[in-house]
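Student: for reference, the sequence and a predicted model appear below.
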Amino acid sequence: MAVADADSAAGRAAGQNVLWVLVSTPVTGIGTYVLLVVTARAIGPEAFGDFGVFWAVTIICGLGVFLPLEQETTRRGSGRAAASIAGLWKRAMKVAFIAAVVCAGLAFATWPLYAPLIDFGAGLVAAFAISVLGNFLQFPSRGVLASLGRFRDYGLVVALDAVARAVAAIVLAGLGAQSATSYALAVGLSAFGSGLVAVVLARRAIKRGAPAGTAATAERFGRDGMRLVLAAGAMQTILNSGTIVAKVVAPAAQSALAGQLTATLTLARLPVLVVQSIQSTYLSRLAARWHAHDVVAVRALLRLIAAAVLVVTAGLVIGAATIGPWVMSVVFGTSYVTDRTTVVLVALGVGIYLIASVSTDAGIALGLHTMIVAAWLAAVPVAVLMVTVAPSMVTAATLPLIGGALVAAAVLARPLMKRAAAQVDR
């Protein structure tokens, strides 16, 4: 009876912790959208195109390089003893530091090449470097918090980052700032500050301990993590390709198009932001059930996730087709409004990407790292092909996301179904 009571209390505590993540999700979403909307209205479509490139590259690096390290830390740490997680965290931080040095170093080294092409000033490069340092601190620490079930602290870190940069954007707009660099520096500094908080909370969580568990193997962390980086880097590059493609190929007469597409993509990817905010909860639950060889629970959870993402995707496309342009005018202003076809194409791409992204999360939990890499690397040439054959600038900026995400989702579907059908040797 005592054991049952203890298990029940632990279950209630876990539920309360997850609730903190669910509560922080709208805060995070609102904070991110306040940043982007305030920035867009303050600096105008052309300058927002420059900020959009910074934002795209920052997201590609943050979610494409560092989020996989968080996910791998969560996967390996779920159900493990706190002492073992401490060693895992140390290994994850080493890998993240190397990634940070590579990302920042490449940005500075190649700046003379791309700056004239996309008007990417030195201030934007500096803001990107600061953001990278913040990601190095934040993401592995978030993985520790998720693996230990400290979702209240996890939600606090995520929300703090979004709220800090939103408040900074409001202050800058109130002061009349019209430079993309000012708002980019706000993003970088908020990421760095949140990273410091994440480190403190992760260290405290490990000291408080966790239920005894098996030792977490860290020897292959770098290899598994790098495989996920390849996949996630391809994912985020495809997702954010529209902004970069539009900025690179747009003639002077259409220089505002990149800003308009950034705004449209920002609005359409709200469901992606929500899913990313809560992915630690279903990823850790799915991984724990897989580690426990509970195939029935794995199947049930996969069915629930699949149904939810399909409903969200359908709602996104229908909403774009019916009220998309009107919502754009209300949120960003009339200077950011594009035609209905463009809005629907962006929403369709984001919806398909959401399906592929959630499939990737499920594959991580079930250990399908090789197939995840294969799926997204296969998607890259398809996305490039879409750019080359597109008949217009709008389709060149939107078809890569649609085609690339569709290929990735299709490649991942069969391995997931096979893995869920029966427990296999791992």
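Tutor: In hand now; what should we look at? Numbers count the residues shown, from 1 in each chain.
Student: buried ones in the helix or strand harbouring residue 200?
Tutor: In the assignment (DSSP states H and E), residue 200 maps to helix 180-208. Within helix 180-208, the residues that count as buried by 16 or more other C-beta atoms under 10 Å are 180-195, 197-199, 201-202, 205-206. For the C-beta atoms, the positions are set from N, CA and C on the backbone; glycine is no exception.
Student: which elements pack onto the very next helix or strand once past that helix?
Tutor: Next along the chain after helix 180-208, taking DSSP H and E as the criterion, comes helix 221-239. With contacts taken as 3 or more C-beta pairs under 8 Å, 6 or more residues apart in numbering; DSSP states H and E, helix 221-239 sits against helix 2-61, helix 67-77, helix 82-109, helix 340-365, helix 369-389, helix 393-421.
Student: ok, back up a step: which helices and strands sit right next to the helix holding residue 200?
Tutor: With contacts taken as 3+ C-beta pairs under 8 Å, 6+ apart, helix 180-208 sits against helix 2-61, helix 82-109, helix 122-147, helix 151-174.
Student: and with 6 Å instead?
Tutor: helix 2-61, helix 122-147, helix 151-174 (3 or more C-beta pairs under 6 Å, 6 or more residues apart in numbering; DSSP states H and E).
Student: and of these, who's closest to residue 72?
Tutor: Closest approach to residue 72 among those (C-beta to C-beta): helix 122-147, 7.2 Å.
Student: got the angle between the closest one and helix 221-239?
Tutor: 130 degrees (axes from the mean of the first three to the mean of the last three C-alpha atoms, to 10 degrees).
Student: for helix 122-147, buried residues please.
Tutor: Using 16+ other C-beta under 10 Å as the test for burial, helix 122-147 gives 124-147.
Student: next one: stretch 89-102
Tutor: Here stretch 89-102 shows 89, 91, 92, 93, 95, 96, 99, 100 as buried, counting by 16+ other C-beta under 10 Å.
Student: pLDDT of it, averaged?
Tutor: The average pLDDT for stretch 89-102 rounds to 91.
Student: between the buried residues of stretch 89-102, which is nearest residue 38?
Tutor: Using C-beta to C-beta, those come closest to residue 38 at residue 100, 27.9 Å.
Student: count of neighbours near residue 112?
Tutor: By other C-beta atoms under 10 Å, 8 other residues sit near residue 112.
Student: meant to ask about residue 105
Tutor: Neighbour tally, residue 105, other C-beta under 10 Å: 12.
Student: distance of it relative to residue 129?
Tutor: Per C-beta to C-beta, to the nearest Å, residue 105 is found 9 Å from residue 129.
Student: over to residue 229?
Tutor: Applying C-beta to C-beta to residue 229 and residue 129 gives a distance of 19 Å.
Student: before we move on, what about residue 338?
Tutor: As defined by C-beta to C-beta, residue 338 lies at a distance of 32 Å from residue 129.
Student: hmm, back to that, and among the helices and strands packed on helix 221-239, the most buried is which?
Tutor: Highest mean neighbour count of the helices and strands packed on helix 221-239: helix 67-77, a mean of 27 (counted as mean count of other C-beta atoms under 10 Å).
Student: what's next to that helix, contact-wise?
Tutor: With contacts defined as C-beta atoms under 6 Å, 6 or more residues apart in numbering, helix 67-77 is touched by 85, 88, 92, 96, 139-140, 142-143, 146-147, 216, 224-225, 228-229, 232, 283-284, 287, 364.
Student: what angle sits between that helix and helix 221-239?
Tutor: Using the same axes, to 10 degrees: helix 67-77 against helix 221-239 is 140 degrees.
Student: gap between helix 67-77 and the chain center?
Tutor: On the basis of C-alpha atoms, centre = their mean, to the nearest Å, helix 67-77 sits 13 Å off its chain's mean C-alpha point.
Student: for stretch 44-61, same thing?
Tutor: Here the centre of stretch 44-61 is set off from its chain's centre by 16 Å, with C-alpha atoms, centre = their mean.
Student: what's next to that stretch, contact-wise?
Tutor: By C-beta under 6 Å, 6+ apart, stretch 44-61 touches 39-40, 103, 118-119, 124, 128, 131, 180, 184, 236-237, 240, 243-244, 247, 255-256, 258-260, 262, 335.
Student: what is the mean pLDDT for it?
Tutor: For stretch 44-61, mean pLDDT is 87.
Student: low-confidence ranges in the stretch 201-350 of the chain?
Tutor: 209-225, 250-255, 276-281 (pLDDT under 70).
Student: can you rerun that using 90?
Tutor: 205-237, 239-310, 312-313, 331-339 (pLDDT under 90).
Student: and residue 243, how far from residue 52?
Tutor: Residue 243 sits 4 Å away from residue 52, going by C-beta to C-beta.
Student: next one: residue 67
Tutor: 20 Å.
Student: need the helices and strands packed on helix 221-239 in CSV with distance to residue 328, can you?
Tutor: Formatted as CSV, the entries for the helices and strands packed on helix 221-239 read as follows, by distance: least, C-beta to C-beta, whole Å:
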stretch, distance to residue 328
helix 2-61, 11
helix 67-77, 28
helix 82-109, 31
helix 340-365, 7
helix 369-389, 23
helix 393-421, 14
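Student: those helices: which one's closest to residue 293?
Tutor: Distance to residue 293, taken as C-beta to C-beta, is lowest for helix 393-421 among those, at 12.5 Å.
Student: how big is the angle separating the closest one from helix 221-239?
Tutor: 140 degrees.
Student: helices or strands next to helix 393-421 in the packing?
Tutor: Partner elements for helix 393-421 (3+ C-beta pairs under 6 Å, 6+ apart): helix 241-249, helix 295-331, helix 340-365, helix 369-389.
Student: quick check: mean pLDDT of it?
Tutor: Across helix 393-421, pLDDT averages out at 88.
Student: number of nearby residues for residue 337?
Tutor: Residue 337 has 20 neighbours, counted by other C-beta under 10 Å.
Student: contacting residues for it?
Tutor: Residue 337 touches 325, 328, 329, counting by C-beta under 6 Å, 6+ apart.
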